[in-house]
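Undergrad: here is my input, please return the structure:
(4 chains)
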2 protein chains.
Amino acid sequence: MVRYKFLRDHGCDRKYFATMNTAGAVTTAHVLVVDDDREIRDLLGRFLTKHGYRVTAAQDGKDMHRALADWHIDLVILDLMLPGEDGLSLCRDLRAKSQIPVIMLTMMGEETDRIIGLEMGADDYLPKPFSPRELLARMKAVLRRAQCAPAVQAKSGRKVLSFSSWRLDLGLRRLESPQRLIVDLSAGEFDLLVALAEHPQRVLSRDQLLDLTHGRAEAPFDRSIDMQVSRLRHKIETNPKEPELIKTVRGGGYVFTAVVTHDETADT
Amino acid sequence: MVRYKFLRDHGCDRKYFATMNTAGAVTTAHVLVVDDDREIRDLLGRFLTKHGYRVTAAQDGKDMHRALADWHIDLVILDLMLPGEDGLSLCRDLRAKSQIPVIMLTMMGEETDRIIGLEMGADDYLPKPFSPRELLARMKAVLRRAQCAPAVQAKSGRKVLSFSSWRLDLGLRRLESPQRLIVDLSAGEFDLLVALAEHPQRVLSRDQLLDLTHGRAEAPFDRSIDMQVSRLRHKIETNPKEPELIKTVRGGGYVFTAVVTHDETADT
DNA sequence: TCGGGCTTGTGACAGTCCGTTACCAAATGC
DNA sequence: GCATTTGGTAACGGACTGTCACAAGCCCGA
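TA: Okay, the predicted model is just below:
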């Protein structure tokens, strides 16, 4: 659900609120959109709100500074072309005073614009027109870099994945068997199981699994995932010779076959 | 090498094939181009084929749906302006039913078009005329994003196909005989059976089956599908010499004759 | 600092899967 | 009826996978 609220004192400034999702205490990143085109502001506002961000909009430099004074802003999305003070100089200002990450919106990908934008201290730039997904991806990347990753982390409760009576506690990094016994997994085995259980019913290539667990790409003749899978199977499959949970797809990779549910144990 | 092939049943539908590139197991993405302008279809077909994509072309919504039913499509390039059903509603349809990424082609950057397109769920859009390089770049980006998308298996339950007392569990990747015995299928056999059972009472060419199971095109003198069918028949037909479930259509391919129902077992 | 236990990657080997080739039978064309 | 095309499948070999054995790290306490 999205709720709009007009801030009377800020003229055309419009504020969007994201509803809290699931866990109460999620801290969503607060994004400031600076663009003189009202349509873009609206569009971005609705779009980002829908994706769980808090959004404030400003139409020029003055508005922007006011918003920065009034709110705690995690990220600024700044149009290069603005009436009055130019986006570039605003960006330089911002960078001089604070460390708030900035994404610049520029017209059509002229190499020069990008270079200038980045030299002014923008953390990323996006040529208009851009795809919303790309914007999201870049925002996430920038926020991650800024150590301010939106949400997830800060759940008060613990994240637990359940599948066919097993419980995989991501917070405690612990696996409970259907018999409620704690299964002793190594770090690597645990990571692999998480990677699999977070993408159930989906064939994951060795390359993807390596990326998910180690953040690296597959080397030629790399058998490490095979070994890890083999070891994991011996710990969680009833009959490792005929695996039920982790199936092999020849030439493809592995599939986690169980239905996985995401629980949020309230606490402790 | 590029080979063209005219699909007789699809009127002006033309199919382009890319040869495998270097690494054997690489499955090239299959792109569906939907545009009423034949020249554009041809141009894009040749261009994308040259760059290693498999391309199928459709001239309107009807063609598009047929192609989607017949092939495994990784990406749709969709013209905004189409005769009959409009590109926008097609896009909405697509998004409602599947997660196939969509790139929209629009006439010169009309803001409104872009906004509407993106709100309809397109993953990216490209104003005509566009540079081929830009198209390639955006395709790559969209495909990359789609690959690591969580797939959101949607239903929490598991997908099961039933046909004449057999049960084919797609999540568990398991086949149960009418006698409730688990039939031991190899990964390839399983994939083939899924491809067939998902298109019952429909003649599937070897090429289509290869596309659906391996995401690759048929090579000259390719008998692999025949072999796989033969092996599968021996496991699921009462009398493999006179197959009931998988019938041969001489000069056409194979048909899965049984009536298939889609169940969604609630869970576990 | 050293050494032992644990974890993880590599090489090797065996077992399995699957594509190719080849040959034959069935279907089709003439 | 004969030639030609198409499909079924046995057989073979290459490619892929499971896993044993071992080595290289890593952690930790003495």
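
Undergrad: what about stretch A:212-225, near chain B?
TA: No: for stretch A:212-225, no contact with chain B is found by CB under 8 Å from any CB of the partner chain; the gap never falls below 9.1 Å. Any C-beta I mention is one placed from the backbone N, CA and C, and that applies to glycine too.

Undergrad: can I get that stretch as PDB, trimmed to CA atoms?
TA: Coordinates of each C-alpha in stretch A:212-225 appear next as PDB, following Å, rounded to 0.1, in the frame of the first residue of the first chain:
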ATOM      1  CA  LEU A 212      27.000 -17.100  -4.300                       C
ATOM      2  CA  THR A 213      29.300 -18.800  -1.800                       C
ATOM      3  CA  HIS A 214      32.800 -17.500  -2.600                       C
ATOM      4  CA  GLY A 215      32.100 -14.600  -4.800                       C
ATOM      5  CA  ARG A 216      34.400 -15.900  -7.400                       C
ATOM      6  CA  ALA A 217      34.100 -17.400 -10.800                       C
ATOM      7  CA  GLU A 218      34.600 -21.000 -11.800                       C
ATOM      8  CA  ALA A 219      38.000 -22.100 -12.900                       C
ATOM      9  CA  PRO A 220      38.600 -24.700 -15.500                       C
ATOM     10  CA  PHE A 221      38.600 -28.200 -14.000                       C
ATOM     11  CA  ASP A 222      37.100 -26.700 -10.800                       C
ATOM     12  CA  ARG A 223      35.700 -29.600  -8.800                       C
ATOM     13  CA  SER A 224      35.300 -27.700  -5.500                       C
ATOM     14  CA  ILE A 225      31.500 -27.300  -5.700                       C
END
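
Undergrad: contacts for that stretch next, please.
TA: Residues from elsewhere that reach stretch A:212-225, judged by CB atoms under 8 Å, 6 or more residues apart in numbering or on different chains: A:188, A:191-192, A:195, A:204-207, A:209-211, A:228, A:254.

Undergrad: quick check: residues of the stretch 101-250 of chain A near DNA strand D?
TA: Counting by CB under 7 Å from any atom of the strand, the stretch 101-250 of chain A comes close to DNA strand D at A:Arg223, A:Asp226, A:Met227, A:Val229, A:Ser230, A:Arg233, A:His234, A:Pro240, A:Lys241, A:Thr248, A:Val249, A:Arg250.

Undergrad: can I get those residues in CSV including pLDDT?
TA: Output for these, formatted as CSV (pLDDT from 0 to 100):
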residue, pLDDT
A:Arg223, 93
A:Asp226, 96
A:Met227, 96
A:Val229, 96
A:Ser230, 96
A:Arg233, 96
A:His234, 94
A:Pro240, 88
A:Lys241, 90
A:Thr248, 94
A:Val249, 93
A:Arg250, 92
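
Undergrad: are any of those residues buried, and if so which?
TA: When neighbours are counted using 16 or more other CB atoms under 10 Å in any protein chain shown, those contain these buried positions: A:Val229, A:Arg233, A:Thr248, A:Val249.

Undergrad: and stretch A:205-221, how far out from the chain's middle?
TA: Averaged C-alpha coordinates place stretch A:205-221 at 21 Å from its chain's average position (CA atoms, centre = their mean, to the nearest Å).

Undergrad: start to end distance for it?
TA: The first residue of stretch A:205-221 is 14 Å away from its last residue (CA to CA, to the nearest Å).

Undergrad: can you list the domains in chain A?
TA: The record, using automatic domain parsing to delimit domains, assigns chain A the ranges A:2-145, A:158-265.

Undergrad: out of the ones you listed, which gets nearest to B:Leu90?
TA: In terms of CB to CB, the element of the domains of chain A nearest to B:Leu90 is domain A:2-145, at 18.1 Å.

Undergrad: so for that closest one, mean pLDDT?
TA: With pLDDT averaged residue by residue, domain A:2-145 scores 67.

Undergrad: contact residues of the stretch 151-268 of chain A facing DNA strand C?
TA: A:184, A:186-189, A:214, A:219, A:221-224, A:227-228, A:231, A:250-251.

Undergrad: thanks a lot, see you next time.
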